[in-house]
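Asker: Pasted the sequence and its predicted model underneath.
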Amino acid sequence: MTKKFRAHTLNEFIVQQQNAFPYAKGDLTRLLGHIAIASKIVNREVNMAGLVDILGETGKENIQGETVKKLDEFANEQFKTVLGSSIEVCGLATEEEEDVVSFESDLSRDGKYIVCMDPLDGSSNIDVNVSIGTVFSIYRRISEIGSPSVEEDFLQPGTEQVAAGYTLYGSSTMLVYTTGMGVTGFTLDPSIGEFFLSHRKISMPDPGTIYSINEGNYANFPPGVKQYIKYCQEIDPPTHRPYTSRYIGSLVADNHRNMLKGGIYIYPQTTSYPEGKLRLTYECNPIAFLAEQAGGMATDGMGNRILEIPPQSIHQRVPFFAGPTNMVNQAEKYMQINS
Ligand code: AHM
Ligand code: MG
C-alpha cells in the first residue's frame, strides 16, 4: 500500500503553532510570513546572481567600513520594504544601517514587534557561489504602541526574543526558525515557491564531532582557544577525536551544519577584532536562541550566556561560542584555565 503523504507548508505550520495560544491575534504569524516572502525574493536574486549583472561591489562602504556588495544592499532594501509595509513591525535594525529604521506610517506605528537582522550574511561568499544567509530576531517592542520605535526596543537581551531564525541560501533554500518551542526547518520547493516542512524538532547531536573556526587567525587567538583547538585535534577514539574541521565563513551555513550534525562554532576575540567580530543583536542572539532550542548552548567564551548579555548598542560585537553543550563547556574550560 502506498503511504499517504501530507505535506505541511510553512504557513500551515505557523498557523497551527499560533492556535496553541488562544489569545494570539496572528501578528507574529503574519510577520513570519512576511519574512518568508522577502527571503523568497532575495533567494530569487541570489540564484540569478551569476546571470544578471548584480554581482560585484557597489564601491560603497557600510558604517563599519566594510565594502557593501550589491546583493547585501538589495536584501536590505527588500526586507525594509516588506517589513515597512507590514502592519506588525514598527522598526528594524540591520547590519547595513547605522541607526535603527523606524517605520512611520500610522499602521506601522501600531506594530507590536521590532526586528533585528542581517539581511545577507556571509558577504565574502557572495561572489563565489557559496552558501549565504539571512538571519533575524523578533522582539516585542517596549515603547508604547502608536508611537515611533526607539533604540531601547532594539537593546533588549536575547532572552526577550519572541522568535528567531534564518534563511539559508545553500544547495537548497531553507528557512529555520524557533518561537521557543523547538527548532523547525522548511525547505523551499523552487518550482512552486513554497516552503515545506522538512525538519521537525531539530536537535543537536551532543557531543558532536565538528569544530568550526577560522584557523587562519590562529596566532591571534586567546590561549584558551588555541588549547581547545589542540584538544579537538588530539587522537582519542573513545571521544571521537580528532574532530573534523569545517568552516565555510558564513555564520548561518556553519551553524546550520553544526546544528544538524553536531559541531561547535567559535569566533573569538582576535587582534583585529578585540571584541569578537560577530554582532550581538542580529547575528549572535538569533543563532544562540536556535542553538539553545536545539538542545545546545551559546556563550562569549568568558562564562556569559549570550542571551543574557545586555546590548549597549545595536552594532555591538561579541566573541561567540555556540554548539552542543558538552563541546561549549569544554571550550569554556580551556578559556577559564587561561584567563
Ligand atoms: P559579514 O556580516 O560581513 O558577512 O561578516 C560575518 C561573517 C559570518 O558569516 C562569518 O561567520 C564570519 O563573518 C566569517 O569571518 P572570517 O572571514 O573572518 O572568518
Ligand atoms: Mg553579517
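Answerer: All right, it came through fine. Residues are numbered from 1 along each chain as shown. Ligands and ions are numbered 1, 2, ... in the order given.
Asker: From here on, just use CA atoms for contacts and neighbour counts.
Answerer: Noted.
Asker: Poorly predicted segments of the chain, please.
Answerer: When residues are selected by pLDDT under 70, those of the chain lie in 1-6, 21-24, 51-69.
Asker: Just read off the phi/psi values of the residue minimising distance to the centre of it.
Answerer: The chain has Val135 as the residue nearest its centroid, 3.6 Å off, counting by CA atoms, centre = their mean. Val135 adopts backbone torsions of phi -130, psi 130, taken as degrees, to the nearest 10.
Asker: Quick check: bridge partners of it?
Answerer: Note on Val135: beta-bridge partners by DSSP bridges are Asp118, Tyr166.
Asker: ok, so what distance separates it from Asn258?
Answerer: Distance of Val135 to Asn258, computed by CA to CA, to the nearest Å: 16 Å.
Asker: And Gly165, by the same measure?
Answerer: 15 Å.
Asker: do the same with Ala20
Answerer: 30 Å.
Asker: Neighbour count: these two, which is higher?
Answerer: Asn258 (25 against 9; other CA atoms under 10 Å).
Asker: Excluding chain neighbours, what is closest to the more buried one?
Answerer: Take Asn258 and drop its neighbours on the chain: the residue closest to it by CA to CA, 6 or more residues apart in numbering is Ile264, 6.5 Å away.
Asker: Against Met302, how distant is that neighbour?
Answerer: Distance from Ile264 to Met302, by CA to CA: 16 Å.
Asker: Can you verify my assumption that the residue nearest to the centre of the chain contacts Val115?
Answerer: No: Val135 lies out of contact with Val115 (CA atoms under 8 Å); the separation is 10.4 Å.
Asker: related to what we said a few turns ago, compare Ile264 and Met302 (neighbour count), which wins?
Answerer: Comparing Ile264 with Met302 by other CA under 10 Å, the one with more neighbours is Ile264, at 30 against 15.
Asker: so the more buried one sits in a helix?
Answerer: No: with DSSP: H, G, I helix; E, B strand; the rest coil as the criterion, Ile264 is assigned strand and is not in a helix.
Asker: can you pull up the bridge partners for it?
Answerer: Bridge pairing for Ile264 - DSSP bridges - gives Tyr211.
Asker: could you list every residue that touches it?
Answerer: Gly208, Ile210, Tyr211, Ser212, Asn258, Phe321, Ala322, Gly323, Pro324, Met327, Val328 (CA atoms under 8 Å, 6 or more residues apart in numbering).
Asker: tally of neighbours for Ile337?
Answerer: 10.
Asker: dump the residue contacts of the residue nearest to it when sequence neighbours are not counted.
Answerer: Spatial nearest neighbour of Ile337, chain neighbours left out: Gly224 (7.2 Å); criterion: CA to CA, 6+ apart. Gly224 makes contacts with Ala331, Glu332, Tyr334, Met335, Gln336, Ile337, Asn338, Ser339, as judged by CA under 8 Å, 6+ apart.
Asker: Then Ile229?
Answerer: Applying CA under 8 Å, 6+ apart, no residues contact Ile229.
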